[in-house]
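Asker: Got a sequence here, can you model it:
(one chain, ligands or ions: 3)
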Amino acid sequence: MKKHIAVDIGASSGRLVVGTYENGKIFLKEIYRFPNGIEERNDNYFWNIEKLIAEMINGLEAAKKEGINECTLGIDTWGVDYALIDVASNRIQEIYAYRDERTQSAIQNVKKQKSLKDIYKKIGIQFLSFNTLFQLYVHDKKELAKAHKILLVPDYLYYRLSSKLISEKTNASTTQLLNLETKDYDEELLQLIGVKREQFETLTEPGESLGPIKESIRKKYDIPQCEFICVATHDTASAVLGVPGTEKNFAYLCSGTWSLMGVENKSPIANEQSYNMNYTNEWGAYGTYRFLKNIMGLWLIQEVRRQLEKEYSFADLVTEAKKIKPFQFLIDCNDECFLKPENMVTEVQRYCQKSGQLVPQTAGELARCIFDSLALMYRKTLKELTLLNEYPIHSLHVVGGGVQNELLCQLTADVAEIPVIAGPIESTALGNIIVQMISCGELANLAEARKVIRESFPIKTYQPAPIHQLDEIDEQFTQLTSGTLGG
Ligand SMILES: Nc1ncnc2c1ncn2[C@@H]1O[C@H](COP(=O)(O)OP(=O)(O)O)[C@@H](O)[C@H]1O
Ligand SMILES: C[C@H](O)[C@H](O)[C@@H](O)C(=O)COP(=O)(O)O
Ligand SMILES: [Mg+2]
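Answerer: Ligands and ions are numbered 1, 2, ... in the order given. Below you'll find the predicted structure:
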């Protein structure tokens, strides 16, 4: 029976998960997990890429200890961030984290040179200050000119372990540089940022075989004989593949550090309305488009927990939040002030004060404020998705770590007035693994894979319950998110 390993590295944690397919079912086993997070050095934020590579090797050693002697291997991580390598394959800079403030004014500066609407029409990607387009726009030009290749993080990890140079499509689309017409990097935007096309590799399709792990690594560590397969290397693209959406018109919420809420379309939607509402068409695997929106997500509670010296587990914070009367404190979770504040507790408190609300003080009140606000943002986003897609959405699949937050799952069902189908938690690793299984011929296609997922993993459905005065609460949140409440 074939063994497939997914390396899934999100912004808060990484994990190695082994997947097998037998008797019509998929089995997953997490074999290694490690923390991830951004590191501050000289007022900038970076990823510790060498630590992540060391942790991947630790995970492969753990796999060997579990008796896995050979496997296929796929890597997925967060989007937008990149490594620069010179012609001798040396990495020539630390890898900036997308929460670094260096791109804060990049969009405003690009706007002076190029209409944002024109960019959106041809690229179809939401404007986020940290997209690769804007990171490269501000990147030191001398250093950029020294780069033989620009590799997004998962491409760089594949390169370091297999020597294969790739530019995997789903993650490449998060750069906001891929042209929807030409299906390649956009020459005009490359010129704008001072990058040559050959500095990016040829676009690579998920499912492609990339060959074995480097012999030098095989000799140095006691790890399985790994054959690399290019998966949907943007973790959200893999997460969407792992959504057991077998019904028509389903929406998904990939609930992790970020909340990514959207639908899976066969063609992009890049029009005036989707531009004004800032929706994105990230490329999916198998010719699909992930029409979605980034919502600040569980980053908010991660940072509150960190500020409270991790005195509370995530489960504790849910327990504390359950004790608090709902909807007393609300924030616009997508306000830029929450992207990387010094202190998330004081930032949330300041926001509530400024908008004339009660101010959350305790861990439970802060957690309640975040969960209520996320649920209301999910309601707002679902309404926008229905409008932009011009078809009704009948169910919302929630996948990722947020599946474990039962309060938020129920709140989402109640506030969005839609059944929430929660699970699997590790949908990203699962999506990574099903591409490997399809590539190896164990599964025929995505439709079959989703059917098997539905039959292999526990899925919990939360039915919506009525909320007293929901319309008034929604009105208050609408004013808040249009910046009118409290000035
Ligand atoms: N036991 C739990 N109860 C409630 N929420 C949880 C629990 N475990 C994890 N979470 C939530 O899941 C989030 C992590 O989700 P995950 O998908 O692993 O993130 P990422 O892939 O971005 O690192 C945490 O920030 C937390 O909010
Ligand atoms: C910065 C991007 O929007 C981000 O990569 C997002 O798409 C993503 O990948 C989130 O993954 P997490 O697992 O870190 O929430
Ligand atoms: Mg994740």
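
Asker: Dig out what K460 forms beta bridges with.
Answerer: Residues in a beta bridge with K460, per DSSP bridges, are A422.

Asker: Mind pulling up the pLDDT for it?
Answerer: We note a pLDDT of 98 for K460 in this prediction.

Asker: Now do the SS call for I418.
Answerer: Of the three states, I418 takes coil according to DSSP: H, G, I helix; E, B strand; the rest coil.

Asker: Return the residues in contact with it.
Answerer: By CB atoms under 8 Å, 6 or more residues apart in numbering, the contact list for I418 reads L382, I393, H394, S395, L396, P464. All C-beta spots, glycine's among them, are computed from the backbone N, C-alpha and C.

Asker: In helices only, show me those residues.
Answerer: L382 (DSSP state H).

Asker: what separates the residue of the stretch 301-450 of the chain found nearest ligand 1 from A447, distance-wise?
Answerer: Nearest to ligand 1, among the residues of the stretch 301-450 of the chain, is G401, at 2.0 Å (CB to the nearest ligand atom). G401 is 26 Å from A447, where distance means CB to CB, to the nearest Å.

Asker: With neighbour numbers in mind, choose between these two.
Answerer: G401 (20 against 11; other CB atoms under 10 Å).

Asker: Ligand 1 contacts on the stretch 351-487 of the chain?
Answerer: Contact residues (CB under 6 Å from any ligand atom) of the stretch 351-487 of the chain with ligand 1: G400, G401, G402, Q404, N405.

Asker: rerun at 8 Å
Answerer: Counting by CB under 8 Å from any ligand atom, the residues of the stretch 351-487 of the chain close to ligand 1 are G400, G401, G402, V403, Q404, N405, E406, L408, I425, T428.

Asker: looking at the residues you listed, which has the most residues close by?
Answerer: Each of these was scored for neighbours by other CB under 10 Å, and T428 scores highest at 32 neighbours.

Asker: Now that one: closest residue in space that isn't a chain neighbour?
Answerer: In space, and not counting its chain neighbours, T428 is closest to A239: 4.2 Å by CB to CB, 6 or more residues apart in numbering.

Asker: Thought G402 was touching the one you found, still the case?
Answerer: No: using CB atoms under 8 Å, A239 is not in contact with G402; the gap is 11.1 Å.

Asker: Common neighbours of these two, please.
Answerer: Common neighbours of A239 and G402, using CB under 8 Å, 6+ apart, are G256.

Asker: residue contacts, L161?
Answerer: L161 touches I53, M56, I75, I213, K214, I217, C226, F228, counting by CB under 8 Å, 6+ apart.

Asker: what's C333 in contact with, if anything?
Answerer: Shown in contact with C333 (CB under 8 Å, 6+ apart): I295, M296, G297, L300, I370, S373, L374, M377.

Asker: does it sit in a helix or strand, and which one?
Answerer: In this assignment (DSSP states H and E), C333 forms part of neither any helix nor any strand.

Asker: Wait, a helix at the residue nearest to T428?
Answerer: Yes: counting by three-state DSSP, A239 is part of a helix.

Asker: so how far is ligand 3 from the residue positioned nearest the centre of the chain?
Answerer: The chain has T236 as the residue nearest its centroid, 4.2 Å off, counting by CA atoms, centre = their mean. To ligand 3, T236 is 8 Å away according to CB to the ion, to the nearest Å.
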